[in-house]
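> Build me a model from this:
(2 chains)
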Amino acid sequence: MNPAYDGVIATGAWPFVIAAYTATAVVLSLYTVRVLRLARDTPPARAPREEA
Amino acid sequence: MRHRMHLVGALGALLLLTGSAWGLLGAPSERYMGNVQRIMYVHVPTAWIALVAFTAALACAVAWLWNTRWRSDHALEATVEVGTVLGALLLVQGSIWARPTWGVWWSWDPRLTSSAVMVLMFAGILALRGFVDDPRRRADLSAVATVIAYVNIPIVYFSVRWWNSLHQLQSSPQTVDATMVAPLRINAFGMLFLACWFAWMRMRAAESRHALEMEEEP
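Next up is the predicted model:
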């Protein structure tokens, strides 16, 4: 293992870890808002479904 | 059914929170990559479930071409969208992981390039659906496009084995230390349940929009 490479990872890891988890939380939250908004704004479909 | 699916979504979110907390605070740091390897606990489940969503989209596409039931087209729209969102998230997570380990945010490596192509192809299918007004034609075109786009999925999966890739080989509970398996599994099930809830919600929205389109037709 290259010590310099090891050092870069060891010293600067946490900001990247936090960034990755934050990006995950943000994307999943935004998409949750999108699907909830779609459910709210689209009137419920009437049964029975029409087949092609 | 509705309440049950909302419970599945809530359970998925709860599992993701638990697995992520475990991965961040409970799991040991990796021997060579140190703490940056903790990104694996969200990156790998995102990859798995994105591929599952695209595989479900392929099944929906084949089902539509086989029986032309509208339900297949609605499920295709839902699964392609969920897969594309997870695929885009996968690229962001991967880029953040690449910077401290490879020294670059992006490399035209076979795994990264094929993953970017995958996201672009499925995003293109969503764009295609937005451009075509006729529901029948839209369903036909997107089913065929999904089958074509899916050809790239095995390339994404096996790219790290077929070529000399900068990306490491696929991670799985069999390839990581026993102490890392639990948070990885918990997050994988969390992402799966959440994706199922997303797809179910999107499918219902697609059904409703289709019903409106049919009412509007002369």
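> helices or strands next to the lengthiest helix in chain B in the packing?
For chain B, the helix with the greatest residue count under DSSP state H is helix B:178-216. Under the contact definition 3 or more C-beta pairs under 8 Å, 6 or more residues apart in numbering or on different chains; DSSP states H and E, helix B:178-216 sits against helix A:3-41, helix B:2-21, helix B:40-67, helix B:70-102, helix B:135-150. Any C-beta I mention is one placed from the backbone N, CA and C, and that applies to glycine too.
> Quick check: mean pLDDT of that helix?
In this model, helix B:178-216 has an average pLDDT of 91.
> could you check the angle helix B:2-21 makes with it?
If you take axes from the mean of the first three to the mean of the last three C-alpha atoms, to 10 degrees, helix B:178-216 sits at 150 degrees to helix B:2-21.
> The helices and strands packed on helix B:178-216 into JSON lines, with extra columns for mean neighbour count, distance to residue B:213 and mean pLDDT?
Formatted as JSON lines, these follow (neighbours: other C-beta atoms under 10 Å in any protein chain shown; distance: least, C-beta to C-beta, whole Å; pLDDT from 0 to 100):
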{"stretch": "helix A:3-41", "mean neighbour count": "15", "distance to residue B:213": "15", "mean pLDDT": "84"}
{"stretch": "helix B:2-21", "mean neighbour count": "16", "distance to residue B:213": "23", "mean pLDDT": "92"}
{"stretch": "helix B:40-67", "mean neighbour count": "22", "distance to residue B:213": "16", "mean pLDDT": "96"}
{"stretch": "helix B:70-102", "mean neighbour count": "23", "distance to residue B:213": "10", "mean pLDDT": "95"}
{"stretch": "helix B:135-150", "mean neighbour count": "18", "distance to residue B:213": "5", "mean pLDDT": "96"}
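> Output those in a markdown table; the columns should cover distance to residue B:166.
Listed next are these as a markdown table, based on distance: least, C-beta to C-beta, whole Å:
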| stretch | distance to residue B:166 |
| --- | --- |
| helix A:3-41 | 14 |
| helix B:2-21 | 26 |
| helix B:40-67 | 15 |
| helix B:70-102 | 6 |
| helix B:135-150 | 24 |
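> nearest to residue B:169, of these?
Nearest to residue B:169, of all the helices and strands packed on helix B:178-216, is helix B:40-67, at 11.8 Å by C-beta to C-beta.
> Helix A:3-41 and that closest one, what's the angle between them?
Going by the same axes, to 10 degrees, helix B:40-67 makes 50 degrees with helix A:3-41.
> returning to what we had before: do you know which of the helices and strands packed on helix B:178-216 lies nearest residue B:179?
Nearest to residue B:179, of all the helices and strands packed on helix B:178-216, is helix B:40-67, at 12.1 Å by C-beta to C-beta.
> Could you pull up the residues touching the residue nearest the centre of chain B?
The centre of chain B sits closest to residue B:50, judged by C-alpha atoms, centre = their mean, with a distance of 1.5 Å. Neighbouring residues of residue B:50 by C-beta atoms under 8 Å, 6 or more residues apart in numbering or on different chains: B:83, B:86, B:87, B:89, B:90.
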